[in-house]
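# Predicted structure and sequence below. I'll ask about it afterward.
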Amino acid sequence: MRAVPAAAAAGLALADALAGHAAAQEKVPSAGYKLISAETLHDDIGEQKAHPGNKPLFFDRNFSIMLTSETAAMAKEFEWHEHRDHIFYIFDGSTDFELGDTPQNAHSPRAGEWLAPASEGAMKMTLHKGGTLVIPRGTPHKRSTPGSVTFTLTAPMTPRSA
């Protein structure tokens, strides 16, 4: 696999987890910020490694941050989004990405979200501990983790009109 300095993905499962946990999130202070201290993040990472899954760290109409830990996981299809970007930061382990080009047999499970079983010409790369990958909205991507990984997914979003 060759490494490149840009783009990658989580899955619609992460998007669903973010949406499902939105109501459980702490209120953002009226000043519009939320502090996630180093101690809190360290504790959350330890908890996620012990009990893999997704933990929302922040969610509002403009962006979200999800902490994820997983072992031996693989997306079934490429995905891409009309209204959000992805920014991955790897805290521990590594994960493989297939990125870009031309999706084949695409379908839309819901407005602004797309899936495809293949993407002709997709580039392969591995993101390791300490690495950051930015995937602009509209970029097909697929992620698999043969070993284990702990990462954050920050997703800037364009709010949909009502």
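Looks like it arrived, so ask away. In this text, all values refer to a predicted model and were calculated from it rather than measured experimentally. Numbering: from 1, shown residues only.
# C-alpha only now, for contacts and for neighbours.
Will do.
# In contact with the residue nearest to residue 137 when sequence neighbours are not counted, which residues?
In space, and not counting its chain neighbours, residue 137 is closest to residue 85: 4.5 Å by C-alpha to C-alpha, 6 or more residues apart in numbering. Residue 85 makes contacts with 134, 135, 136, 137, 155, 156, 157, as judged by C-alpha atoms under 8 Å, 6 or more residues apart in numbering.
# Put together TSV for these, with neighbour count and pLDDT on each row.
Below are the contacts of residue 85 laid out as TSV (neighbours: other C-alpha atoms under 10 Å; pLDDT from 0 to 100):
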residue	neighbour count	pLDDT
134	18	98
135	21	97
136	21	96
137	18	95
155	24	96
156	19	94
157	18	91
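# Which ones among those residues map onto strands?
Judged by DSSP state E, the contacts of residue 85 include 134, 135, 155, 156 as members of strands.
# what about the last one, distance to residue 63?
Going back to what we said before, that points to residue 156. Remark: distance between residue 156 and residue 63 (C-alpha to C-alpha, to the nearest Å) = 4 Å.
# can you check residue 34 too?
From residue 34 to residue 63 the distance is 12 Å (C-alpha to C-alpha).
# neighbour count winner among the two?
Taking neighbours as other C-alpha atoms under 10 Å, residue 34 and residue 63 compare with residue 63 leading, 16 against 13.
# tell me which element the spatially closest residue to residue 71 that is not a sequence neighbour is part of?
In space, and not counting its chain neighbours, residue 71 is closest to residue 148: 4.2 Å by C-alpha to C-alpha, 6+ apart. Taking DSSP states H and E as the definition, one finds residue 148 inside strand 141-156.
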